[in-house]
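Novice: Structure of the sequence below:
(2 chains)
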Amino acid sequence: MRRFFPLCILLVFTACDKAVQPAEGDGTWDIAWVNPIDSVRAGTPISLKFTGIRSDTATSIYISNAFGTTVLPLKKEENTWVCAIPKHFVRKAGPLYWKVLYDEKVKLANRIAVVPDAGSIPHVETYFGPRSITVGARDYSMLVTIPTDPFDNTLLAGTPVTIKSEFQNTVELTQERTADFIAWKNIVSKKTAGRMLVSASCLETDTKELTTILFPANAEAFEIAYSRNHRYADGNQIITFQTNLLKDAYGNLVGDGTLVTFFIKDAQGGYLKTTGMTIDGVAKASLLHPAEAAQWQVTAYVTGAAKSNTISVVFEQAISDFEVSFSEDQRSVTIGPLKSFMDQIVPDGIDVVLRVYDIEGKPLSTKKETTKKGRCLFKLPREYFENGTYQLEIAAAGMLKKYKTELR
Amino acid sequence: MLNKTFYRIVLLVSFLGINALVIWGISSVLSYLNTGADRSTMLHREVAMKAVYLPKVEWENLENPGRPMELPTLAAIEKDYLSAWHVRNMAFMNNDRYGISDYYTDSARVRLYEQIDLNLAQGNWFKNTTLEHHPELDFYSEDGTLVVFTDHHVSTYQEVYNKEELLFQHRNSTSFQVLMLLEDGFWRIRHLKELPKPSKTEVTAEKTKRLLQKIPPMKGVNYYPRDTPWDTFGPTFNDSIVNSDFERLRQMGLNTVRIFVQYEDFGGAIVPPEKIALLQELLSLAGENDLQVVVTLFDFYGDYDVPNWTLTHRHAETIVNALKEHPALLGWDIKNEPDLDFESRGEQRVTAWLREMVTAVQKWDALHPVTIGWSSPEAAVVLAEEVDYVSFHYYREVDEFKAAYSVLKEAVNTKPLVLQEYGYSSYDGIWNAFLGSEESQAMYYKQMQALLKKEELPFLFWGFHDFKEIPTEVVGRLPWRKARQKYFGILDTEGKPKEAYPYLDYGKPTP
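Specialist: Numbering: from 1, shown residues only, chains lettered A, B, ... in the order given. Purely as a prediction, here's the structure:
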């Protein structure tokens, strides 16, 4: 029997490759398919009827399609043998193969083309993405539609699908045809930011509404300005930098939250940085006034996208001088009162630094304090500083005072 | 009083017990709620899966009107697509839904479930495998979540069972169009549609393309190194030992060696390059000594079951492609003595696997002949149509050889025949009542060589060396079998010629 295997396989190939009619078999049986069917619409019940089957007990019918295979017995009805094809086989469009099997051999085989049920109202699945794009002619979202019949079979290639899109009261319709299961269209972005709605319809079926958001593109070059209460470097007031309206190349305000970084270069070449995010196209950022006279060059950036002009900000010295007084043993140093531009006592928190050197100028200690009610106090305790002569340097508000003193 | 204390204790203990239970219950609910999708498992990257399904996949064209395909995405699609085939094959074999929901979308899996339910009720089950896929990309969506491709000529093999009975087996070549969606990290099949059959000529064309060399008049030996029998390519592989053996074979006027490649030793489905390098080295040594090599694949392999076919195919494909250009290669022996597995594995299962493997090797290597090393002349008629030459082994009496050989020759008259193994053990000891001897071995070879010369039958005798140890896997644990197996050589364990040697020494005139 083994030697018939090649023959058997050849037969299967032949059976599969032939067109629908006539049915193929091994010829040793006088078997016939009495109700030949070329093709059916999906969902139509089919029964296969045969005559000339010799042994109804050992004969079975093999049924297969893309989603699987089964084997069923044949039922005898008067002179014919009948097989009702299970429902789910006739619901799947595509070739449906059947073979009458007896003793590991194919006695008769053929196929029925199950075609999608194009007459019924189709279902249309939609897949839309990306759901956010930027304005301009480059970016787009893609709408993919898959029209199917009620049995979830994709419709035949060439089925028309209308794709609709709405943007700012303008509706566009285009007709696409299905190929490779799908009908699709690229929905190209517009020049203004906003929301675009799309949907599709196929035959009588309309899909749900889908949305893509058109976000503004990158910011273009912009300008900055500053505002402050006064021009003095009092180390207390706040200066605010502000951009003008940040717009993209198409005049759309950039999206809220666009990060703007202000870089500040001072006269000594040091850098300061502050950031702000845009709200309604404007970004603001603040900094404390310096405590000493300064000249700032300020430029702002939207990283990777845009740069502003450079502005210059000048701060005048607010504190013109300060007093220093020593205790009797010279171990307590009182600075102040520090007075500002109107001779007012400075607000609390101005930095004051005391540096202690020995007589040869070797640094011994650096102490930092901030003013409270315009004054601040340094103590030089005996435990750390033995009796002797020391040099002291006191720095505040950009000014430096030097003393030589003998601690007792 | 005692009673009261007892009740108190009982009350207290049960109170504590109930509290412990309640706390344990709450904590297990909480810990259950905390398991599941954590970030590390979200993308399904955590499981290093062993290769279980490796059909050949060749993407033909990645051009498509949608988004350009990225290679990592393509690899992910391919992996999930093959897994979809694998879980489906397994589901139809076991009539179990396991894994289907991972690789088929809601609407697609319903169709498979209906199929499984029906087959379960009817007692049908199937062994399916797909051996080749040739997908071509049709469409890839802009957001990277939908893909359509056509899988051309999917080469399938199916065995149809009802309860315990095999009803039908067949091969097929089918094309499918597939739509897959990316859903929570898995590419899942949404639509799968069979396309009209390709023309028949494409299927048969592959067969006729073979440009076979003539089968040479083989005179040779089944070769293992003296100290490492059944382990030629193990850690002790020594090129100078192999070379000196091959030099001696050349001096003997022999032209062929048959070697054995063990399936597990060569890594199973994924063959390590080091092993390939050893094989190539051995073939080069053979070539330098004017020897040609018959490579026997799948030694010590014994499963043959359909779900593993893709793995054995990858194994063979790697080795065949690595060696097919080698000038010292004579041909391929698919498997040594597969008929011995007929009883334990079923003849149908073994022959189906062999048939498929012969076809596959013939396709990968159109130049070198393919054979199967049957254990007896009687078994060698199986698949005689498929192989390029018929190989058989003979270990019975010399007197009966001619009759058995004539029957085989009659049955396969068009195909060349090769006596691929024969020999005689010179074992002389307690297990054969001291009846063997080197003389009787020499006598055997004298008679056999005369017969073979007369019949002009190519031969590969067994074996070259006597061995000190025989691995248990070869003939089992029984000491009389092991003892016999040790003395088949024509050189003793010291490398000195035994009495049979001159009859196989074609470098000098036969005595």
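Novice: Residue B:382 and residue B:374 touch, don't they?
Specialist: Yes. With contact defined as Cβ atoms under 8 Å, residue B:382 reaches residue B:374; the gap is 7.0 Å. The C-beta positions use only the backbone N, C-alpha and C, and glycine is treated the same way.
Novice: Common neighbours of the two, please.
Specialist: Common neighbours of residue B:382 and residue B:374, using Cβ atoms under 8 Å, 6 or more residues apart in numbering or on different chains, are residue B:339.
Novice: per-residue confidence for residue B:181?
Specialist: Among the per-residue scores, residue B:181 shows a pLDDT of 96.
Novice: Same question for residue B:129.
Specialist: 94.
Novice: That one contacts residue B:154, correct?
Specialist: No. If you go by Cβ under 8 Å, residue B:129 and residue B:154 don't touch, sitting 10.6 Å apart.
Novice: higher neighbour count, these two?
Specialist: residue B:129 (23 against 19; other Cβ atoms under 10 Å in any protein chain shown).
Novice: Specify the local secondary structure of that one.
Specialist: strand (DSSP: H, G, I helix; E, B strand; the rest coil).
Novice: Next up, the contacts around it.
Specialist: Residue B:129 neighbours (Cβ under 8 Å, 6+ apart): B:55, B:89, B:156, B:157, B:306, B:307, B:309, B:310.
Novice: That one pairs with what?
Specialist: For residue B:129, the beta-bridge partners are residue B:157 (DSSP bridges).
Novice: and the gap between it and residue A:295?
Specialist: When distance is defined by Cβ to Cβ, to the nearest Å, residue B:129 is 80 Å away from residue A:295.
Novice: Determine how far the last residue of stretch A:184-201 lies from the first.
Specialist: End-to-end distance for stretch A:184-201: 12 Å, by Cα to Cα, to the nearest Å.
Novice: Show me what counts as buried in it.
Specialist: By neighbour count with 16 or more other Cβ atoms under 10 Å in any protein chain shown, stretch A:184-201 contains the buried residues A:184, A:185, A:187, A:189, A:190, A:193, A:196, A:198, A:199, A:200, A:201.
Novice: and these as a markdown table, adding distance to chain B?
Specialist: Output for the buried residues of stretch A:184-201, formatted as a markdown table (distance: Cβ to the nearest Cβ, whole Å):
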| residue | distance to chain B |
| --- | --- |
| A:184 | 7 |
| A:185 | 11 |
| A:187 | 10 |
| A:189 | 12 |
| A:190 | 17 |
| A:193 | 20 |
| A:196 | 15 |
| A:198 | 13 |
| A:199 | 17 |
| A:200 | 15 |
| A:201 | 20 |
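Novice: higher neighbour count, residue B:382 and residue B:374?
Specialist: residue B:374 (27 against 23).
Novice: Just to check, the more buried one is in contact with residue B:380?
Specialist: Yes. Using Cβ under 8 Å, residue B:374 is in contact with residue B:380, at 4.0 Å.
Novice: Find residues that contact each of those two.
Specialist: In contact with both residue B:374 and residue B:380: B:390, B:391, B:392, using Cβ under 8 Å, 6+ apart.
Novice: ok, and of the residues you listed, which contact chain A?
Specialist: Among the shared contacts of residue B:374 and residue B:380, no residue sits close to chain A (Cβ under 8 Å from any Cβ of the partner chain).
Novice: in stretch B:285-305, what's buried?
Specialist: For stretch B:285-305, by 16+ other Cβ under 10 Å, it's B:285-287, B:289, B:291-299, B:301, B:303-305.
Novice: out of the buried residues of stretch A:184-201, who's nearest residue A:174?
Specialist: residue A:185 (6.1 Å; Cβ to Cβ).
Novice: Please list the residues of the stretch 51-200 of chain A that sit near chain B.
Specialist: A:60, A:62, A:65-72, A:86, A:88, A:91-95, A:99, A:101, A:104, A:106, A:127, A:129-130, A:140-142, A:144, A:146, A:152-154, A:180-182, A:184, A:186.
Novice: Taking those residues, please make a ChimeraX selection of just the buried ones.
Specialist: In ChimeraX syntax, the buried subset of those is picked out as below (16+ other Cβ under 10 Å):
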select /A:60,62,65,66,67,68,69,70,71,72,86,88,91,92,93,94,95,99,101,104,106,127,129,130,141,142,144,146,152,153,154,180,181,182,184
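Novice: Go through the residues of the stretch 51-200 of chain A next to chain B and flag which are in helices.
Specialist: The helices in this structure, assigned by DSSP state H, contain A:88, A:91 from these.
Novice: Could you give the bridge partners of the closest residue to residue A:184 other than its chain neighbours?
Specialist: Leaving aside its sequence neighbours, residue A:184 sits nearest to residue A:144 (Cβ to Cβ, 6 or more residues apart in numbering or on different chains; 4.4 Å). Going by DSSP bridges, residue A:144 is paired in beta bridges with residue A:127, residue A:184.
Novice: Surely residue B:117 forms part of a strand?
Specialist: No. Assigned with three-state DSSP, residue B:117 falls outside any strand and is helix.
Novice: Might you list the low-confidence residue ranges for the stretch 1-150 of chain B?
Specialist: For the stretch 1-150 of chain B, the stretches flagged by pLDDT under 70 are B:1, B:36-49.
Novice: List the residues that contact whichever residue of it sits closest to chain A.
Specialist: Relative to chain A, the nearest point of the stretch 1-150 of chain B is residue B:143 (3.0 Å; Cβ to the nearest Cβ). Residue B:143 is in contact with A:127, A:129, A:130, A:141, A:142, counting by Cβ under 8 Å, 6+ apart.
Novice: make it 7 Å
Specialist: By Cβ atoms under 7 Å, 6 or more residues apart in numbering or on different chains, the contact set of residue B:143 is A:129, A:130, A:142.
Novice: Does it lie in a helix or a strand, and which?
Specialist: In this assignment (DSSP states H and E), residue B:143 forms part of neither any helix nor any strand.
Novice: Residue A:284: neighbouring residues, count only.
Specialist: Neighbour tally, residue A:284, other Cβ under 10 Å: 16.
Novice: Look up the pLDDT of it for me, please.
Specialist: Reported pLDDT for residue A:284: 96.
Novice: Which residue is the nearest non-sequential neighbour of the closest residue to chain B within the stretch 1-150 of chain A?
Specialist: For the stretch 1-150 of chain A and chain B, the shortest gap (Cβ to the nearest Cβ) falls at residue A:129, measuring 3.0 Å. With Cβ to Cβ, 6+ apart as the criterion, residue A:129 has its nearest non-adjacent residue at 3.0 Å, and that residue is residue B:143.
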